[in-house]
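Participant: got a structure for you, letters missing:
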DNA sequence: TGCTTTACCTAGATTATCTTTGCCTAGTAT
DNA sequence: ATACTAGGCAAAGATAATCTAGGTAAAGCA
């Protein structure tokens, strides 16, 4: 009866960075953002819709992305998100912060190398 | 008036791995674990006590660490934590998972390299 | 005496993610 | 016609992890 066990979809605290980075390449609608990230990661990451949309709301609130309604290539009503200039700055900032934390983790995890 | 702003102490979801790794080198009491991680990371990471002790409780509950009371070199009452065999297995597992997620993130963040 | 450091711990708030559910539309199969 | 599937948006509630803030206490020093 136990089913999924321990599988983790992504590293908490990195979703916004991933979204901003994805939008940095091209404006996309929500559903496509999730697919894009999953594909680009080679299926190592997966974005649940219940994580995605709240995250997009946060990004909108901070004005790091803008959104407008439109029609997709598949003829569906879509909301397309676009990186703002301030969002681009934020992306840079998050990349820096993430890199710093990662370096810290790396040092703790391999403490024996000079 | 604004003071610290955005500073992040660590990457959510990595604390247990860091603790396990630290205890893998030697048994330590709680306070020392936090100091050790901070030092080993070159001050890039910082463990708040309000994060540390709940995390240690979780690790105890899962029996990934054991604990016993004693007296420190500074003559203070301390609770010393030690990695269990099952904790060592868990550490390996967490390292693997973390590596996988990291690889996924890396692919998303540098999509242009072949 | 009082201050600082070391050391433990908990409660509550905050935040992020996941699970679940709901709604709607277009295209396709029956 | 009807049903099913995929694409698309979003909110509600649960769960989990971290942070803020506090409280306890003992050792050592001024």
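Facilitator: Cool, the structure landed. On a predicted model such as this, the values are computed, not experimentally measured, just so you know.
Participant: dump the residue contacts of residue A:15.
Facilitator: Residues in contact with residue A:15 (CB atoms under 8 Å, 6 or more residues apart in numbering or on different chains) are A:47, A:51-52, A:55. (Each C-beta comes from the backbone N, C-alpha and C, glycine too.)
Participant: quick check on those: which are buried?
Facilitator: Buried subset of those (neighbour count, 16 or more other CB atoms under 10 Å in any protein chain shown): A:47, A:52, A:55.
Participant: now, among these, which is nearest to DNA strand D?
Facilitator: Checking these against DNA strand D with CB to the nearest atom of the strand, the nearest one is residue A:52 at 7.7 Å.
Participant: host element of that closest one?
Facilitator: Per DSSP states H and E, residue A:52 falls inside helix A:49-61.
Participant: number of nearby residues for residue A:11?
Facilitator: Using other CB atoms under 10 Å in any protein chain shown, residue A:11 is surrounded by 22 other residues.
Participant: check the gap between it and DNA strand D for me.
Facilitator: The spacing between residue A:11 and DNA strand D, counted by CB to the nearest atom of the strand, to the nearest Å, is 10 Å.
Participant: now do residue A:93 against residue A:21, distance only.
Facilitator: 12 Å (CB to CB, to the nearest Å).
Participant: so for those two, which sits in the more crowded spot?
Facilitator: Set residue A:93 next to residue A:21 and count neighbours by other CB under 10 Å: residue A:21 wins out with 21 against 13.
Participant: so the more buried one, which state does it fall into?
Facilitator: Three states are possible here, and by DSSP: H, G, I helix; E, B strand; the rest coil the one that applies to residue A:21 is helix.
Participant: quick check: closest non-adjacent residue to it.
Facilitator: Nearest residue to residue A:21 in three dimensions, chain neighbours excluded: residue B:109, at 5.7 Å (CB to CB, 6 or more residues apart in numbering or on different chains).
Participant: hmm, the one you found is touching residue A:95, no?
Facilitator: Yes - if you go by CB atoms under 8 Å, residue B:109 and residue A:95 touch, sitting 7.3 Å apart.
Participant: who touches both of these two?
Facilitator: Applying CB under 8 Å, 6+ apart, one finds that residue B:109 and residue A:95 are jointly contacted by A:17, A:21.
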